[in-house]
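*Asks:* This is a predicted model, with the sequence first.
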Amino acid sequence: MSTSTVAPLVSIRNLSVDIVAAGSAVPAVRNVSFDIMPGDILGIVGESGSGKSVTCRAVLGLLPAAARLSGQILFQGKDLATMAESEMEKIRGRDISMIFQNPSSHLDPIMKIGAQIGEPLRQHQGISASKARAAGIRVLEDVRIAEPERRIDSYPHQLSGGMKQRAMIAAAISCGARLLLADEPTTALDVTVQARILELLKGLKESRQLSIVLVSHDLGVIAQLCNRIMVMRRGEIVEQGETSTIVADPQHEYTRLLIASQPGRRQPAVRSTATHAAPILLAVRNLVVSFPRPAGIRETLTRSDRTFRAVDEVSFEVRSGESLAIVGESGSGKSTIARSIIGLIRPSGGTLHCDGQDVTALTGDALRRFRRSAQMIFQSPYDSLNPRLAVGEAIAEPMIQHGLMTPKAARHRVGELMEMVELSPDLARRRPHELSGGQCQRIGIARALALSPRLLIADEITSALDVTIQAQILDLLRRLRDSQRLTMIYVSHDLAVVRTFCDRVAVMKGGRIVEMGEVSDVLGQPKEAYTQELLASVPKLFGADPVPVEPQHA
Amino acid sequence: MNLKRLGRAVGLLAALTLASPAATHAEDIVRIASAYRTTTLDPALSAAAGNIETYGQLYGRLIRRAADGSLEPGLAESWAVSDDGKTVTLKIRDAKFSDGSPITADDVVFSLLRVRDLKESAYSAPLQQLAEAKAGDAQTVILTLKSAFAPFVGNLEVFNTGIVSKKDVETRGEAAFTTTPVTSGPYVVKEWRPNDRLILAANPHYWREGYPKNDGAELIEVVDDNTRVTMMIAGELDAARGVPWSQVADLKGRDGISMPLEPSTVIFMTLLNHSRAPFNDLKVRQAAAHAIDTVAVTKAMTFGYAATANTTLPGAVDFHDKDNPGLGYDVEDAKKLLKESSYDGKPATILITDSAESERLAVLLQAQWAVIGLNAKIEKVDGGVWWERVPGADYDAAPTWWYNETPDPDLAVRWALCGTCGSESYYTKYNNAKVDELTETAARELDPVKRGALYKEIQTISTEEVAQIPLYYPPYANAYGNRIKGLMMTPSLQWTLEETEVVQP
Amino acid sequence: MSHLGLSTAVPRARSRGSIEISIGGSLLSAWLFLAIFGPSILGVDPNQIDLVAILQPPHADHWLGTDQLGRDALARILMGARIDILMSVLGVLPPLIIGVVVGLVSGYFGGWIDSILMRLVDITVAFPFLVLVIAIVGMLGPGLDNFFVALALVGWVSYARLIRARGLVLREAEFIQAARGLGYPPLYILFRHVMPKALSPIAVYAMSDAVMVMLAGASLGFVGLGVQPPTPEWGVMIADGQPFVTMGWWICLFPGMAAASLGLGFLLLSDGLAGRLGVRK
Amino acid sequence: MSRIPAIGLRLVQLLPVLIGITIVTFLLVKLSPGDPVRLMLGDRATEETVAAVRAQLGFDLPLWKQYLSYAGNLLQGDLGQSIRYRLPVLDLILGVMPRTLFLATYVLVLSIPATVILSVVAARHAGKPVDQIIRILSVIGMTIPVFWLGIMLARFLGVELGLFPVSGYGDGFIDHLHHLFLPALSTSVWLVPMLVRNLRASILEQMEADYVVASRAKGLPARYIFGRHILPNSLLPTLNLLGVMIAFLIGGSVIVEIVYAVPGLGGLMIEAVLARDYTVIQGLTLFYALGTVIVTLSVDLISTWIDPRVQL
């Protein structure tokens, strides 16, 4: 960048942001300097708390009131850092726009999306409502929303996640902004939708001469889209440069850790194939789970079908000692299957035999006894623990409740279990909010193991965790699986994890299994189109072809 | 900026409300507020205070009572009592109902018998001595009594003896009294808004020439005492009934308001249940009476505006014994009496309604009885329950008040002291054969001097036996505005509304 | 929005609502102290009538003056604190307990139990609160005990609705799912895991409900359905003192201030708890 | 979409509730002590008279028969006759209802702007002195007994300053406004703090919502975001509270109606309760229930209009 012949679009110099709370200042960003060049797609990657989002927001002056900012943010010769709010308002949405992670919460739920897209137009260009609407339809076409004339009058809740994100992008680019700040724009989306949104951004960059700053925790996403990467950690830039250079030859230790933690980087599990001969532990036959459709009065009146099938005639088997992955996107029914197996959801059809016992027929104490042999780990490490209980109590509780141990013996066992999940037993008295996400997830694992189950179901257990933590948890689980001879069902949307962790995989879509088999077969030579699309959507750190960028700077 | 906007909004609103003219009233409409509601327009059906105040304005009666208490002709222009005192002949004057039809002897007979005989008649006592009523001719009514009865003619002035139109009642039935009845008194009903007010207009056919001296009246029902006073001060009323004693001094001092404190036949006392312990024991009753400092109670309750009661009869009825020394306040004596009595220390129940006055009285009784060791607990119930438990003799003491419809003491004695006259001495179950006998003798006695002696004896006996504990005789505390002249309340709870002139429109 | 690192970067102010809690708590404790020890420290009988000394302004013998029956106002206010605090507690607790049980059962188990209980709720809420309380007290007769009965019959609805809504949310919460998955008995989950979590908004609401109860009590006193005399309840003291306001400003002022300060205590504590527990009202 | 069938179905769903209401009040009134006939006839009626009237009114029949005849009459639109007034209950209720409705509307007209303004000021200056002052005033407003405030306002604004009438209802619209100002103000002083507490919290919550940041990122001015996004979103929970409050107001204006001698539904209710005028209590209850249903339904309709996510 030092040899640049083109002036940077935005130049950030010595930016520091402190968050002031209760009288003390906590640094969020420390002395950061970088340039955003015209035509750039700059990726900022880092884990939670790294300051990547704060940096991004600082550019647009969207920091919370408690933030104290120093340094310069130069844009067209002016310093945005010291600019008056009224001036800033003229730049936001017109020159520099921003899109956010969760499109559902970032759109006003009670305003039609057409009006929300039209707002910046009317604000910055002072055009009439009808002209703004016409312009809005054109922008909706640009972000490739089908039937824009109809969709423009939709409310956010009537749109899918991907469409909402497109609508947010439409609002952001409607005034012809030159720089788009994208803060984790695809994190809340399914992988195939993510792929399409990234594709869209790439296209918009071309068609609109847009520069983009893409903030993400996912190095794969960044590597796929960005020509330059900036790695942040604890508010500082640890490394920045061309994508290919950084991926191929990371200089900083942290960057190397980050790359090493990518699921795709890890070696596929080398597992003995002896499990083929093992007895069948779980047999699922024609499983159907129906839910009542959230019916309005209209549906009640017309007596239309009031249920939908979340799981539709699904059959599979799990052998003892085997690890089966169930993959699919949101709404595919994968979690519903997991919950049916331990009896959290009552199936409306089919059978679930575990160890020869029909689980669906169990009730009351029999069901409770069965649950000792099948346990589940949940997605959100914090939410799955009662915030009021010390984590030690949470681990001891199942043993006491099942009458397996006296409270005293249970306390001792808690220490062992905590060591087993590589936590210091001293943490037992802490409450969940006093621990990190990774630590809480280890508590969740320890609690599930407290009953010495034969079958362990992991439901998206790493999706809420940072990638380095994710790697550690998976390593732990792998060790436990082997040492405890656990049979596992691993529910995930993340094919990369599945590839390294599981023996067999079932790919689900719309409540049905579309393809099932050995991981190496299904993910190596997928037969079904859907599986192929899924695989193609996964951002790849290596072999990805970064977006060709016009060499505006050398 | 938003505060400014708020200020503007409030200002705008205030301007709107202030700009409106103050309520305009037709020039000579008299506005009277009372806590007591009109609940029926049928004179036979109620003996509740609000209706008593209303009946007189709608239904003319045979006899009128002059300001000095003497009887004067009403719808009957003359009357004669036979020598044996058993027949009363009345000459009906040439008068008309509000619909223009003549008032005949038939209507009079119909009205009186209705009050005496109607199943739902609320108060037939004044006409209980009436054996037969018949029309001599169109203008003559002949009433035959069961026996000689001194107060009978006076009873023809009682609130429920007003004359109603036989034709109207027979054709319309009950409906006649729920909207606009045909009336014989100074007013007709212009509009009745139940639970709110009764709007009266002058009856063009009223027999008294030149009356009423106003165009009409509004009898407004305002339950809260303070609100009536506030309305009075704000000039929204011409008269307010029942000003709280605490506010009398304040109103007396205000320009444009007079507070005359008119004599009444009201007595405040406490009922005692003679049918069960502890008050079935004379000594306990006497102890209870001596324990009460009636002078201090009168002062505390009414700020000295009432007279302390000395006998069981209201102070303003005829033959009230002013010289009776009363029971007296003597704590030592009371303690002694209680010790000698059968009292076992169990608390007596003081049963009261939700009126502020009876609550305060109850608290005072409780405290003063406590001094001599007579325990009591207060039980507050609503009016419905009170009127169930008192007649059922399910109470020990019950401070309350009553008034007499006439200056003649006959009805008062029958109501409060006679054990065989229907009300069992106001449900105290006090029953003294001598008193009962004296009651009948006094009623038949036509010589006023002799009657006076008989009633004196009744008062002496019943006071000494503590039939009830008399407390005080309050005047009516009504406030009047100076816009009107001639309005007052007679001792028997009737407004002189027809005499009222609007002098300052 | 936790993805952003912004909210997590801000050290969560654990002291949120502390000022309210300390002021409100001190007010309540002060009143509690006065209620328990005040009457005996003062040593004056609140029902001692002195007909010679009625309506006396505050002076050395009677610090807050005397009332219409010559009773010492300070003694009555202190004794009244017992009544009013008791009233707030007894007026709030039974409806709270009924409401919590109904709401939990309804929200956690759902189904036909829920349908029936919610119809009951619908029926009860169709009556305006104060009118129904007045009607019930009118029917049963005036007095504190009947007032509590009326409140219990009417007041549970708000609690039941609040906690049912919480129950519906919590039923889907991951830690409750986890508890079910771990095979804990349903009632154990309900009382050990669901209830403590569902109680925060209840605690917050109960505090402001206490103020409503006090006001309702005073209003009942005003229409003549209040506590049995001579009980020195503040609302009834104000209502009974009404006619004498023109003769003595102190008669209604002091009980009014007492009621307002206790109410302030409850409301501040309610606000503080809401902040501390992160409850949205 | 047409909402008529939806509203119809809602009404049908309410039927059991309405039946429940009539049963509850019927029993409540019937099983309580006290004799209405006694009150009706006055102090000096004899026991025989009382018994005769009781029989005439059918009070000696078994309870279920009394209920059935009541329910049967209701179906024919007959709310019965007031025991006390011997007038049709419907007439009594309709006669006083306009005043209470007028008062309730008046209160809303005063309260809603005040609520919005105060909440907005408080929320925008959260934690600052203005906010604290509004908060303290709110607490005072909530803890002052309405009757006490009413009497003081009447004395000061009505009598001493002579600005407003202290009683009654007046004739004609402007006169109503004038007469009912103090009652409406007294009620608002109690109502506004409750709504302000709710709306202020709601606004503060919405101010932190993600879409606010997104709107700022679009370059929209703070004031526009506040008015167009934050406020409409904040109003929803307050609207629901307001619905509850309106139902409360219609019946709960009792105290204010008594203080200001406004003859309305509340006063009628109290009188009916004290006099055990069964039929009036039952009739009023039915009206309250209907009123509540209508208000709730309206709030729901307004909610669907403001928030497209809400389904009837």
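*Replies:* That came through fine.
*Asks:* so is residue B:98 in a helix, a strand, or just coil?
*Replies:* coil (DSSP: H, G, I helix; E, B strand; the rest coil).
*Asks:* For it, grab the count of nearby residues.
*Replies:* Per other C-beta atoms under 10 Å in any protein chain shown, the neighbour tally for residue B:98 reads 24. Placement of C-beta: from N, CA and C, glycine included.
*Asks:* where does the chain dip in pLDDT?
*Replies:* I went with chain A, as the question did not name one. A:1-5, A:264-276, A:293-306, A:542-554 (pLDDT under 70).
*Asks:* wrong one, I was asking about chain B
*Replies:* The low-confidence ranges in chain B, as defined by pLDDT under 70, are B:1-27, B:505.
*Asks:* Without its sequence neighbours, what residue ends up closest to the residue of it found nearest chain C?
*Replies:* Taking C-beta to the nearest C-beta as the measure, chain B has residue B:354 as its residue closest to chain C, at 3.1 Å. Spatial nearest neighbour of residue B:354, excluding adjacent residues (C-beta to C-beta, 6 or more residues apart in numbering or on different chains): residue C:224 at 3.1 Å.
*Asks:* Look up the pLDDT of that neighbour for me, please.
*Replies:* Note on residue C:224: pLDDT of 72.
*Asks:* That one is in what secondary structure piece?
*Replies:* For residue C:224, there is no host helix or strand (DSSP states H and E).
*Asks:* what about it, distance to residue C:80?
*Replies:* For residue C:224, the distance to residue C:80 (C-beta to C-beta, to the nearest Å) stands at 18 Å.
*Asks:* What of residue A:122?
*Replies:* 61 Å.
*Asks:* just to revisit the earlier point, okay, now the residue nearest to residue B:354: neighbour count?
*Replies:* A count of nearby residues for residue C:224, using other C-beta under 10 Å, gives 21.
*Asks:* What segments of the stretch 151-281 of chain C are helices?
*Replies:* C:174-181, C:186-188, C:195-222, C:234-241, C:250-277 (DSSP state H, counting those that start in this stretch).
*Asks:* quick one on the thing from earlier: okay but the residue nearest to residue B:354 is in contact with residue B:358, surely?
*Replies:* No - if you go by C-beta atoms under 8 Å, residue C:224 and residue B:358 don't touch, sitting 10.3 Å apart.
*Asks:* Without its sequence neighbours, what residue ends up closest to residue A:505?
*Replies:* residue A:325 is the one closest to residue A:505 (C-beta to C-beta, 6+ apart), at 4.2 Å.
*Asks:* Looking at residue A:122 and residue C:80, which is more packed in?
*Replies:* Neighbours per residue (other C-beta under 10 Å) separate residue A:122 from residue C:80, with residue C:80 holding more: 29 against 17.
*Asks:* what's the helix or strand for that one?
*Replies:* Using DSSP H and E, residue C:80 falls in helix C:73-104.
*Asks:* measure residue A:60 to residue A:179 for me?
*Replies:* For residue A:60, the distance to residue A:179 - C-beta to C-beta - is 9 Å.
*Asks:* what is in contact with the two at once?
*Replies:* Among the neighbours of residue A:60, those also in contact with residue A:179 (C-beta atoms under 8 Å, 6 or more residues apart in numbering or on different chains) are residue A:96.
*Asks:* correct me, but residue D:265 touches residue D:287?
*Replies:* Yes - using C-beta under 8 Å, residue D:265 is in contact with residue D:287, at 7.3 Å.
*Asks:* Identify the contacts common to those two.
*Replies:* Joint contacts of residue D:265 and residue D:287 (C-beta under 8 Å, 6+ apart) are D:93, D:97.
*Asks:* Can you pick out the residue with more neighbours from these two?
*Replies:* Higher neighbour count among residue D:265 and residue D:287: residue D:265, with 30 against 21, using other C-beta under 10 Å.
*Asks:* Now do the contacts for the closest residue to the more buried one other than its chain neighbours.
*Replies:* Nearest residue to residue D:265 in three dimensions, chain neighbours excluded: residue D:100, at 4.2 Å (C-beta to C-beta, 6+ apart). Counting by C-beta under 8 Å, 6+ apart, residue D:100 makes contact with D:250, D:253, D:257, D:262, D:264, D:265, D:266.
*Asks:* can you name the two of those residues that are farthest apart?
*Replies:* D:250 and D:262 (13.2 Å; C-beta to C-beta).
*Asks:* Counting neighbours, go ahead and name the busier of the two.
*Replies:* residue D:262 (27 against 24).
*Asks:* Pull up the gap between the residue in the stretch 151-281 of chain C that chain D sits nearest to and residue C:226, please.
*Replies:* Residue of the stretch 151-281 of chain C nearest chain D, by C-beta to the nearest C-beta: residue C:263 (3.4 Å). Applying C-beta to C-beta, the value for residue C:263 to residue C:226 is 17 Å.
*Asks:* Name the nearest residue to the residue in chain A that chain C sits nearest to, sequence neighbours excluded.
*Replies:* In chain A, the residue that lies nearest chain C is residue A:371 (3.4 Å; C-beta to the nearest C-beta). In space, and not counting its chain neighbours, residue A:371 is closest to residue C:183: 3.4 Å by C-beta to C-beta, 6+ apart.
*Asks:* how about stretch A:418-434: buried residues?
*Replies:* A:418, A:420, A:421, A:423, A:427, A:428, A:432 (16 or more other C-beta atoms under 10 Å in any protein chain shown).
*Asks:* three-state assignment of the residue nearest to residue D:265?
*Replies:* helix.
*Asks:* For it, report the pLDDT, please.
*Replies:* pLDDT, residue D:100: 87.
*Asks:* Look at residue B:331 and say how many residues are nearby.
*Replies:* Residues within reach of residue B:331, counting by other C-beta under 10 Å, total 15.
*Asks:* ok, so what distance separates it from residue A:81?
*Replies:* 90 Å.
*Asks:* and if you look at residue C:171?
*Replies:* 48 Å.
*Asks:* just residue B:115 next, same as before
*Replies:* Distance from residue B:115 to residue A:81, by C-beta to C-beta: 97 Å.
*Asks:* of those two, who's got more company?
*Replies:* Using other C-beta under 10 Å, the more surrounded residue of residue B:115 and residue A:81 is residue B:115, with 23 against 19.
*Asks:* For that one, list the residues it contacts.
*Replies:* B:43, B:44, B:121, B:123, B:124, B:126, B:127, B:160, B:161.
*Asks:* Try it again at 10 Å.
*Replies:* B:43-45, B:121-127, B:130, B:158, B:160-162, B:164 (C-beta atoms under 10 Å, 6 or more residues apart in numbering or on different chains).
*Asks:* before we move on, what about residue D:228?
*Replies:* A:108, A:111, A:115, A:116, A:119, D:215, D:220.
*Asks:* Surely the third one and residue A:156 touch.
*Replies:* No - the pair residue A:115 and residue A:156 does not pass the contact test of C-beta atoms under 10 Å, sitting 11.1 Å apart.
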